[in-house]
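>>> Any chance you can model this:
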Amino acid sequence: MILYLQIPIPSKTPNPHNKLKPHLSVPAAATRSSIATDSGLKFRQKLIYLQSLNVNPAKALNENPNLRSSPLSTIYSVTHCLSSMGLEASALGRILDMYPLLLTSDPYSDIYPIFDFLLNTVEIPFPEIRKSIIRCPRLLVSDPETQLKPTFEFLKQLGFTGPNKLTSQTTLLLVSSVDFTLVPKIDYLVEVGFEYDEARNMVLRSPGLLTFSIENNYKPKVDYFLNEMNGDLEEIKKFPQYFSYSLERKIKPRNRILMEHGFSMQLADMLKVSDGEFRARLIEMQLKLVEDRQ
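Predicted coordinates:
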């Protein structure tokens, strides 16, 4: 049955002077159909735009239900905001696909304050902001007041100031929890046997130490170094980058080769060089050993 929206509503008593005109009777079903068609077209345009950004529409709608009802202009404003900070289309799409909540954010209340914090508080040069975001997109979904500023203050107290101040390579530390991520790693290094100042200097020289897992990185590498390599912690203190090398793909294989030939190397000499240079040094050591025996 088709319902009709009638304007005005006729009285119960017929009035020949108050007849409804045909063009004032609009089928409600037709109106709803027109609205649905218009809404469907706009929704399709939204999906096409997301695909043009290399954003997975299904994933985005699942993780951000508000995206379904948000106008396309909202997404445009977000992409314009990110582009204004130097992010190219490929990086922009990757970030929005990673964090779909950004698609319905308000640039002026949610995104620009983060850029302002990086520029004026952390003092990252404008051309480097892009690198910070590409290296750590999570910065864009971190609250400046409750997350970024407290962590920044802790890092400054730790010594990330002056020549050691944060750069576009190390701003990813800002998204770390002080109590659950940063402090436990300093504490672990102290538990292993380093003095607090030694541990502090190690992370200043190699900030990546603050991003490594204690269970999956620190513990197995410390255990291997002390028990299999019979190492001295002084070596790690001098070369904290030891923790940045793969235990299975580089540390163990090279140490085994040295042990098989009865040789030893400082950590830096063993790990910093390429495979070709490592083999060349091994040959040099073998030749020298032969010469010494003659």
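>>> Next up, the contacts around the closest residue to residue 136 other than its chain neighbours.
Of all residues not flanking residue 136 in the chain, residue 172 sits nearest, at 3.6 Å (C-beta to C-beta, 6 or more residues apart in numbering). C-beta coordinates here come from the backbone N, C-alpha and C atoms, glycine included. When contacts are counted by C-beta atoms under 8 Å, 6 or more residues apart in numbering, residue 172 touches 132, 135-136, 138-139, 211.
>>> And for residue 81?
107, 111-112.
>>> Among these, find me the one that's closest to residue 232.
The shortest distance between residue 232 and any of these, using C-beta to C-beta, involves residue 111 and amounts to 48.7 Å.
>>> Isn't the closest one up against residue 78?
Yes: look at residue 111 against residue 78 with C-beta atoms under 8 Å: they come within range, at 7.2 Å.
>>> would you list every one of the helices in the chain?
According to DSSP state H, the chain carries its helices in the segments 28-52, 57-63, 72-84, 89-98, 112-116, 126-135, 149-158, 183-192, 196-205, 219-227, 233-238, 252-261, 267-271, 275-293.
>>> which intervals of the stretch 151-294 of the chain have sub-threshold pLDDT?
In the prediction, the stretch 151-294 of the chain carries residues with pLDDT under 70 at positions 292, 294.
>>> What separation is there between residue 151 and residue 68?
Residue 151 sits 34 Å away from residue 68 when distances are taken as C-beta to C-beta, to the nearest Å.
>>> and what of residue 209?
When C-beta to C-beta is applied, the distance between residue 209 and residue 68 equals 43 Å.
>>> Report the separation between the nearest residue to residue 214 once chain neighbours are set aside and residue 131.
What sits nearest to residue 214 in space, not counting adjacent residues and going by C-beta to C-beta, 6+ apart, is residue 188, at 5.2 Å. Using C-beta to C-beta, one obtains 29 Å as the distance from residue 188 to residue 131.
>>> Check residue 144 too.
In this structure, residue 144 and residue 131 are 19 Å apart, going by C-beta to C-beta.
>>> With residue 256 instead?
Between residue 256 and residue 131 the distance is 38 Å, computed by C-beta to C-beta.
>>> Repeat that for residue 141.
Noted for residue 141: a distance of 18 Å to residue 131, by C-beta to C-beta.
>>> And for residue 212?
Between residue 212 and residue 131 the computed distance is 21 Å (C-beta to C-beta).
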